[in-house]
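# This is the structure alone, sequence omitted:
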């Protein structure tokens with residue numbers, strides 16, 4: 001039943017059965033009868049016009065691909081240099097072990113209705129490893145080994161066609177059934193993002209139109225193409241913020257200037273997001289820019305930096321008191337209502353720092369180059385100036401409190417919570 005259910009010849013077996021004995025009302029007798037055990041005509045060899053949606057769903061359940069109705073299915077019949085039939089399913093949800101090393105991807109592989117491999121991983125790229133289904137081709141030998149299959153040109157041809165078909169079906173779902181696509185992406189979107197990042201971005205152009213991110217535009221999932229279509233004429237970059245949740249990212253001080261300009265911000269809430277974007281580099285000739293970047297390349301109408309030279313010594317002393325914790329202290333061009341924020345310089349962001357430091361067996365602590373930005377138009381800056389001129393010890397405490405508050409906003413750990421609490425108590 002497992003391997004030969006779909007061969008075209010009937011497989012019979014004499015089966016013992018029971019029937020009511022003739023001439024009696026309650027006496028039964030045993031008898032033997034030939035019974036066909038195999039299905040003979042597989043569903044994938046039938047004409048699509050003969051089949052209903054229910055047939056595909058029943059087959060999905062019978063094959064134990066899943067117990068919930070799949071989100072989508074497609075039936076492929078191809079003839080040519082390589083002929084094959086396939087039924088492919090997009091499951092309703094990810095299996096419990098999908099994001100673990102134990103998960104095994106693959107489609108069932110048949111040759112003329114005879115199963116030759118339960119899980120043929122070479123038929124699917126890792127980023128489409130969630131797919132369920134099967135492929136049947138008369139071009140494979142029944143005794144072909146797994147090692148030979150890996151280098152089989154016919155298998156590689158089929159795999160390429162299946163990959164293209166899956167993408168086509170996903171794009172169709174995105175366009176015609178947005179709600180279902182978003183359900184799919186919530187379950188499997190992360191593996192598509194890993195596909196962007198893996199193999200040094202080899203598949204980024206193939207996958208870039210399938211990925212979605214939350215956005216400041218109605219705080220819903222959006223594609224990169226949709227974001228690009230809404231960009232302002234004077235917008236140079238695709239702006240993004242990376243962090244734990246949409247709620248926290250929407251409140252970041254660094255977003256004030258960008259929001260004031262009416263620019264949309266993508267919210268990266270998966271750990272892989274920013275790493276994937278670093279590989280993608282740009283989309284439709286627009287580079288990605290972290291809102292915490294040291295240079296947003298945006299002119300603020302009220303940037304509060306006219307007195308930078310006047311406060312040069314204050315910023316220098318603040319940097320000295322904070323030591324190696326920050327690369328620089330400077331007046332902010334992005335803050336409007338918040339007193340302080342952290343910016344970063346270089347390729348490593350604060351969120352990437354958190355992700356890399358959480359990895360097991362990391363060689364040493366990894367730190368982004370942090371810049372403490374001060375809002376010179378905020379009332380707290382007046383207190384800083386007063387302390388700088390009249391009480392240097394108080395100034396140092398204020399500097400440490402403001403820096404630690406900036407760390408907390410970013411979700412980073414304070415080096416000395418007790419000292420921070422004591423400084424706050426003393427300054428209240």
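Here it is on my side, so go on. Keep in mind that this is a model prediction, so the values were computed, not measured.

# how far does the helix-or-strand element of the chain with minimal mean pLDDT sit from the chain's center?
Using mean pLDDT, DSSP states H and E, helix 146-150 stands out as the lowest-scoring helix or strand of the chain, at a mean of 74. Distance, stretch centre to chain centre, for helix 146-150: 31 Å (C-alpha atoms, centre = their mean, to the nearest Å).

# same deal with stretch 129-136?
Distance of stretch 129-136 from its chain centroid, counting by C-alpha atoms, centre = their mean, is 21 Å.

# Other residues contacting that stretch?
Stretch 129-136 is contacted by residues 6, 42, 44-45, 60, 63, 65-66, 70, 73, 84-91, 94, 98, 103, 105, 107-113, 120-121, 123-124, 158, 162, 166, 187-188, 191 when judged by C-beta atoms under 8 Å, 6 or more residues apart in numbering. Glycine gets a C-beta too; all of them are placed from N, C-alpha and C.

# For PyMOL, write the select line for the buried members of those residues.
Buried members of the contacts of stretch 129-136 can be picked out in PyMOL with the line below, counting by 16 or more other C-beta atoms under 10 Å:
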select buried, resi 6+42+44+60+63+65+70+73+84+85+86+87+88+89+90+91+98+105+107+108+109+110+111+112+113+120+121+123+124+158+162+166+187+188+191
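
# thinking again about what came up before, residues of the least confident helix or strand of the chain that come out buried?
Neighbour-count burial for helix 146-150, with 16+ other C-beta under 10 Å as criterion, is recorded at residue 149.

# what do you get for stretch 173-188?
Within stretch 173-188, the residues that qualify as buried by neighbour count (16+ other C-beta under 10 Å) are 173, 174, 181, 182, 183, 184, 185, 187, 188.

# Which members of those occur in helices, if any?
With helices defined by DSSP state H, the entries of these inside them are 173, 174, 181, 182, 183, 184, 185, 187, 188.

# and the first one, what is it in contact with?
Contacts of residue 173 were listed using C-beta under 8 Å, 6+ apart, and they are 71, 72, 90, 180, 181, 184.

# Just the closest of the residues you listed to residue 255, please.
Of all the contacts of residue 173, residue 181 has the smallest distance to residue 255: 27.5 Å, by C-beta to C-beta.

# Hmm, residue 170 and the closest one touching each other?
Yes. With contacts defined as C-beta atoms under 8 Å, residue 181 counts as touching residue 170 at a distance of 7.3 Å.

# how close does the residue sitting nearest the centre point of the chain get to residue 25?
The geometric centre of the chain, computed from its C-alpha atoms, lies nearest to residue 190 (C-alpha atoms, centre = their mean), at 2.4 Å. Separation of residue 190 from residue 25 (C-beta to C-beta, to the nearest Å) stands at 65 Å.

# now do residue 237
Here residue 237 is placed at a distance of 87 Å from residue 25 (C-beta to C-beta).

# Likewise for residue 118?
When distances are taken as C-beta to C-beta, residue 118 and residue 25 turn out to be 49 Å apart.

# neighbour-wise, which of these two wins?
Higher neighbour count among residue 118 and residue 25: residue 118, with 13 against 6, using other C-beta atoms under 10 Å.

# Ignoring the adjacent residues along the chain, who's closest to the more buried one?
With C-beta to C-beta, 6 or more residues apart in numbering as the measure, residue 108 is the residue that lies nearest to residue 118, at 6.1 Å, once sequence neighbours are left out.

# isn't there a strand covering that neighbour?
Yes. When the secondary structure is assigned by DSSP: H, G, I helix; E, B strand; the rest coil, residue 108 falls within a strand.

# what's near enough to touch it?
Residue 108 makes contact with 63, 115, 117, 118, 119, 120, 133, 134, 135, according to C-beta under 8 Å, 6+ apart.
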